[in-house]
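**Q** below are the sequence and a predicted model; questions follow.
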Amino acid sequence: MMLPSDMRFLERGWLSSNSLLLLGPDETALIDSGYFTHADQTVELVRHALAGRTLNRLFNTHLHSDHCGGNAAIQLAWPDSRTFIPPGSSDAVREWNEDGLTFRPTGQFCPTFTFHHVLSAGSHLMIASRRWDIHAAPGHDPDSVLLFQPDTGVLLSADALWEHGFGVVFPEIVGEPGFSDVGRTLDLIEHLQPRIIVPGHGRVFTDLAGALSRARERLQLFMNDPLKHASHAAKVLIKFHMMAIQDCSHEDLLNWCNSSSYLHLLQRAHYAQFTMHGWTNTLIDSLVKSGALLRQNDHIHNC
């Protein structure tokens, strides 16, 4: 099943989130804007798809850096566009609190942007001449939302559901419960019964039952053994950093790990029997063994 012709899917690599461009007769809108290192490419992709039209609105499903890192560039390219963000993030954006927005704890970066409106869960908006229902989707991020178009059955699932899993459960990193919220959000998606799912990463898919089954199996694995989630989350943070910089010395990577407060939280909560240096070395070794990273002498390369 294909997306309707007025919806253009912009599939990106795993450093940037996917985006969806909505092309209504009287309005255009972009949902999510990728990571800042790809911002120029994002602008060009959107400009090409707009074919001479202007961009009227920008929406964010949540404010992790890979979903909103292109916001500043989008706002510069289309200064009259209006930006909509989840309400739970509004104070942090207004004050530009990089800890509250998770940019500093993850060791990632996002250029400063502004917003005009918030997305209220339980409401709906007319976007590019179609109704989109807004649903709270906590779990991966406590402030994340889903956007569902009931007529076409298109769901913007962001990182709440991928074809083969879901995003790291960030509340669990900081010692707050998040697994149960993941489960409730998966139940919500099952209740909505979307026909086409546009995930935050990976291809568009239609096998809802299969994706939910795989996600629930993964969730149960993490709930049964939180150490597996802690290790997975730590490796994701390191891999994301390496995707952003591509290569560095082994020592520089260890220093970066030592600067990440999220990695320190995971080490203290789950791996206190190891030193921070020893634990992060083990994580790097594991990523090299899996083929996610390449070690050459004292240098580490992204693969």
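**A** That came in fine, so what should we check first?
**Q** C-alpha only now, for contacts and for neighbours.
**A** Noted.
**Q** now the helix or strand that contains residue 72: average pLDDT?
**A** When elements are assigned from DSSP states H and E, residue 72 belongs to helix 71-77. Along helix 71-77, the predicted local confidence has a mean pLDDT of 98.
**Q** quick check: buried residues in it?
**A** Of the residues in helix 71-77, those with enough neighbours to count as buried (16 or more other Cα atoms under 10 Å) are 71-75, 77.
**Q** can I get the residues you listed in a markdown table including distance to residue 54?
**A** Written out in a markdown table, the entries for these read as follows (distance: Cα to Cα, whole Å):
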| residue | distance to residue 54 |
| --- | --- |
| 71 | 15 |
| 72 | 16 |
| 73 | 14 |
| 74 | 11 |
| 75 | 12 |
| 77 | 10 |
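**Q** hey, what's residue 148 bridged with?
**A** residue 133, residue 155 (DSSP bridges).
**Q** next helix or strand past the helix holding residue 72?
**A** Sequence-wise, the next helix or strand downstream of helix 71-77 (DSSP H and E) is strand 82-85.
**Q** strands paired with that next one, and their directions?
**A** Paired neighbours of strand 82-85 in the sheet (DSSP bridges): strand 57-59 (parallel), strand 117-118 (parallel).
**Q** helix or strand right after the shortest one?
**A** In this case it means strand 117-118. Counting by DSSP H and E, the element after strand 117-118 in chain order, helix or strand, is strand 124-127.
**Q** again, but for the first one
**A** Helices and strands here follow DSSP H and E; after strand 57-59, the next one along the chain is helix 65-68.
**Q** dump the C-alpha coordinates for that next one into CSV.
**A** Output for helix 65-68, consisting of C-alpha atoms alone and laid out as CSV, is shown next (Å, rounded to 0.1, in the frame of the first residue of the first chain):
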residue,chain,number,x,y,z
SER,A,65,18.2,15.9,18.4
ASP,A,66,17.7,13.5,15.4
HIS,A,67,14.1,14.7,15.0
CYS,A,68,14.5,18.4,15.5
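**Q** pull out the buried residues from it.
**A** Buried residues in helix 65-68, counted by 16+ other Cα under 10 Å: 65-68.
**Q** tabulate the residues you listed (JSON lines), appending pLDDT and distance to residue 116.
**A** Formatted as JSON lines, the entries for those read as follows, by pLDDT from 0 to 100; distance: Cα to Cα, whole Å:
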{"residue": "65", "pLDDT": "96", "distance to residue 116": "19"}
{"residue": "66", "pLDDT": "97", "distance to residue 116": "20"}
{"residue": "67", "pLDDT": "97", "distance to residue 116": "17"}
{"residue": "68", "pLDDT": "98", "distance to residue 116": "15"}
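**Q** can you put those in a markdown table and add distance to residue 253?
**A** Written out in a markdown table, the entries for these read as follows (distance: Cα to Cα, whole Å):
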| residue | distance to residue 253 |
| --- | --- |
| 65 | 20 |
| 66 | 20 |
| 67 | 24 |
| 68 | 25 |
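**Q** just give me the closest of those residues to residue 27.
**A** When the buried residues of helix 65-68 are compared for distance to residue 27 (Cα to Cα), residue 68 comes out closest, at 20.9 Å.
**Q** centre of the chain to the lowest-mean-pLDDT helix or strand in the chain, how far?
**A** Taking all helices and strands of the chain together, the one with the lowest average confidence (mean pLDDT, DSSP states H and E) is helix 103-106, at a mean of 92. Centroid displacement of helix 103-106 relative to its chain, using Cα atoms, centre = their mean, to the nearest Å, is 14 Å.
**Q** output the contacting helices and strands for it.
**A** Secondary-structure packing of helix 103-106 (3 or more Cα pairs under 8 Å, 6 or more residues apart in numbering; DSSP states H and E): helix 261-270.
**Q** all strands of this structure, in order?
**A** Along the chain, the segments classed as strands by DSSP state E run 7-10, 19-23, 28-31, 57-59, 82-85, 117-118, 124-127, 130-136, 145-149, 154-158, 196-199, 247-249, 293-296, 299-302.
**Q** mean confidence score for the second one?
**A** Spelled out, that is strand 19-23. Per-residue scores along strand 19-23 average to 98.
**Q** please apply the same query to the longest one.
**A** Looking at strand 130-136 alone, the average pLDDT works out to 98.
**Q** do the same with the fifth one
**A** Confidence over strand 82-85 (mean pLDDT, whole number) is 98.
**Q** quick one, domains of the protein?
**A** With automatic domain parsing serving as the domain definition, the record reports that the chain contains domains spanning 7-224, 227-302.
**Q** tell me the most buried of the ones you listed?
**A** Counting by mean count of other Cα atoms under 10 Å, domain 7-224 has the highest mean neighbour count of these, with a mean of 19.
**Q** stretch 150-169: end-to-end distance?
**A** 27 Å (Cα to Cα, to the nearest Å).
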